[in-house]
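Visitor: Fold the following.
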Amino acid sequence: MKAPVADKRVELLFEVGCEEIPAGMLPKAEEEFRTNIEKLLTAESLSDGVSVETFSAPRRLTAWVRGLPVKQADIETEVTGPPKSVAYDSVGAPTRAAQSFAEKQRVHVSDLYLVQTAKGEYLAAKQVKLGRTAEQILIGILPRAVHDLTWPRSMTWTGLDGPRFIRPIRWIVAVLDGKSLQVSVAGIAAGRTTRGHRFLGSSAVNVSNFLDYEKRLQQNGVIIRPTKRQDKIAAELDAHAKKGSYSIHEDASLRKLVAYLNEYPTVIQGNFDPAFLSLPDEILITVMRDHQKYFAVENKSGELTPHFLAVINVGRTRACSSRAICRRAVLLAGRPEMSARRLFAETGTRYIRISARQLPRQSGTYPHHWPVVDGELVQSGHGPCPRRGGRSRRGTRQV
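Guide: Alright, predicted model coming up:
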């Protein structure tokens, strides 16, 4: 036997696709997205027995709502009118007061009835407010769930009067019970077409429900669940550590951050100049962790090795070229920082970074190699400083 419509439960898949969101903002946005949807469903009496899960990746926020009723329950209320003595005359016929009450409640006089109250018998009528469908309700609340997300800053991409979000919204997916939901967010009409990985997947992936969505995204280079990305990273980090006979300098916050930095994380090993091992471990670890988001590795004695583990956003087929890129990134971005810190460690002289606006004004450009003299400027690897009014360059200053 077919279940009554009122008892039927459906599933909602809702995705907001945009440009890359800063990884540090995603965990909070993911939780707030879930809270917003639950709060709005509760306000519409659609939350009983409903499960809301949210997921995020650099280019998307996704909500999976299960057990959603197809419509609100009808609400029956009782409205009291005039007292019996006013509603009926001496022979029991309804008076003009009773007829007016029936007209106001949009019912027939014969549908009116008497109820006993503390003040005596009064005329009453039943009113039934028909519940709206889930589709009607979702069209109104889903844009609000997105709009109510709070960010440290937001931007507009269609004009000052246009929608605002942390990054420009590019596509919307809204599928209710296998059918596209006719909703619009930030001026973009929803459909059932999402996008895969920027380099590994297709730019048009059709989906019918959440499980289909998750499977097809996986085939197109996106692992939608952050926990699965973290598990993949952990397994590959352990595999590299076992293969190289070293251990990983543990950093739980970095593990979480790189999981939100990548849609399809892959761990690779890289190397750096062993000469930098003369620096204190804290300096090397800080440069790798804060500047490059790399994991430092240690040998069995607990000493750092001239290697690092990087999490990249590509598959194994591109790992070789990415390994070279990561190593060059360490050399280019890390060498000036490490060199300055090594100088401090060896001489006790501390250097701080300054901008071109703090440099003394003079015509021409500064020499490529600035002298290291008390109170004078030293070159930090960023090249000549431009003329006044030019683009800012960073240098270092002895203090």
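Visitor: what ranges do the helices span in this protein?
Guide: 26-43, 84-87, 96-104, 134-147, 210-219, 226-244, 252-261, 281-286, 319-329, 335-347 (DSSP state H).
Visitor: How about Ile137: what's its closest non-neighbour residue?
Guide: The spatially closest residue to Ile137, leaving aside those adjacent along the chain, is Glu44, at 5.0 Å (CB to CB, 6 or more residues apart in numbering). No exception for glycine: its C-beta is placed from N, CA and C like everyone else's.
Visitor: Compute the first-to-last residue distance for stretch 171-180.
Guide: In stretch 171-180, first residue to last residue: 14 Å (CA to CA, to the nearest Å).
Visitor: May I see the buried residues of it?
Guide: Neighbour counts using 16 or more other CB atoms under 10 Å place 171-177 of stretch 171-180 among the buried residues.
Visitor: just these now: which is nearest Ser184?
Guide: Using CB to CB, Ile172 comes nearest to Ser184 of the buried residues of stretch 171-180, at 7.6 Å.
Visitor: Provide a list of residues in contact with that closest one.
Guide: By CB atoms under 8 Å, 6 or more residues apart in numbering, the contact set of Ile172 is 15-17, 183-186, 188-191.
Visitor: hmm, back to that, make a markdown table out of the buried residues of stretch 171-180 and add pLDDT and distance to Glu38.
Guide: Compiled in a markdown table, the buried residues of stretch 171-180 are given as follows (pLDDT from 0 to 100; distance: CB to CB, whole Å):
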| residue | pLDDT | distance to Glu38 |
| --- | --- | --- |
| Trp171 | 97 | 24 |
| Ile172 | 97 | 20 |
| Val173 | 98 | 20 |
| Ala174 | 97 | 17 |
| Val175 | 97 | 19 |
| Leu176 | 96 | 17 |
| Asp177 | 93 | 20 |
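Visitor: which one of the residues you listed is nearest Glu30?
Guide: Nearest to Glu30, judged by CB to CB, of the buried residues of stretch 171-180 is Val173 at 16.3 Å.
Visitor: Find me the pLDDT at Arg316, would you?
Guide: At Arg316 the predicted local confidence, pLDDT, stands at 64.
Visitor: domain ranges for the chain?
Guide: In the domain annotation for the chain, the residue ranges read 5-71+133-219, 75-129, 226-347, 349-399 (automatic domain parsing).
Visitor: what's the first-to-last distance across the second one?
Guide: End-to-end distance of domain 75-129: 5 Å, with CA to CA as the criterion.
Visitor: The chain should start at 225 in everything you say after this.
Guide: Renumbered: residue one is now 225, and that last one reads domain 299-353.
Visitor: what about it, distance to the chain center?
Guide: The offset between the C-alpha centroid of domain 299-353 and the centroid of the whole chain comes to 55 Å, using CA atoms, centre = their mean, to the nearest Å.
Visitor: Pull the contacting residues for Met249.
Guide: So Met249 contacts 375-376, 390 (CB under 8 Å, 6+ apart).
Visitor: For the stretch 375-524 of the chain, give me the ranges with low pLDDT.
Guide: Low-confidence segments of the stretch 375-524 of the chain, defined by pLDDT under 70: none present.
Visitor: What residues are bridge-paired with the nearest residue to Leu508 once chain neighbours are set aside?
Guide: What sits nearest to Leu508 in space, not counting adjacent residues and going by CB to CB, 6+ apart, is Leu528, at 5.8 Å. In this structure, Leu528 bridges to Glu522 when assessed by DSSP bridges.
Visitor: which ones are touching Leu528?
Guide: Applying CB under 8 Å, 6+ apart, one finds that Leu528 lies in contact with 473, 501, 505, 508-509, 520-522.
Visitor: Also Val482?
Guide: Contacts were defined as CB under 8 Å, 6+ apart; by that measure Val482 touches 247, 457, 489, 517, 535.
Visitor: Filter these down to the ones in strands?
Guide: Counting by DSSP state E, these place Val535 in strands.
Visitor: In a markdown table: the contacts of Val482, plus neighbour count and distance to Lys467.
Guide: Below are the contacts of Val482 laid out as a markdown table (neighbours: other CB atoms under 10 Å; distance: CB to CB, whole Å):
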| residue | neighbour count | distance to Lys467 |
| --- | --- | --- |
| Ala247 | 18 | 27 |
| Ile457 | 22 | 16 |
| Pro489 | 20 | 18 |
| Lys517 | 15 | 21 |
| Val535 | 24 | 16 |
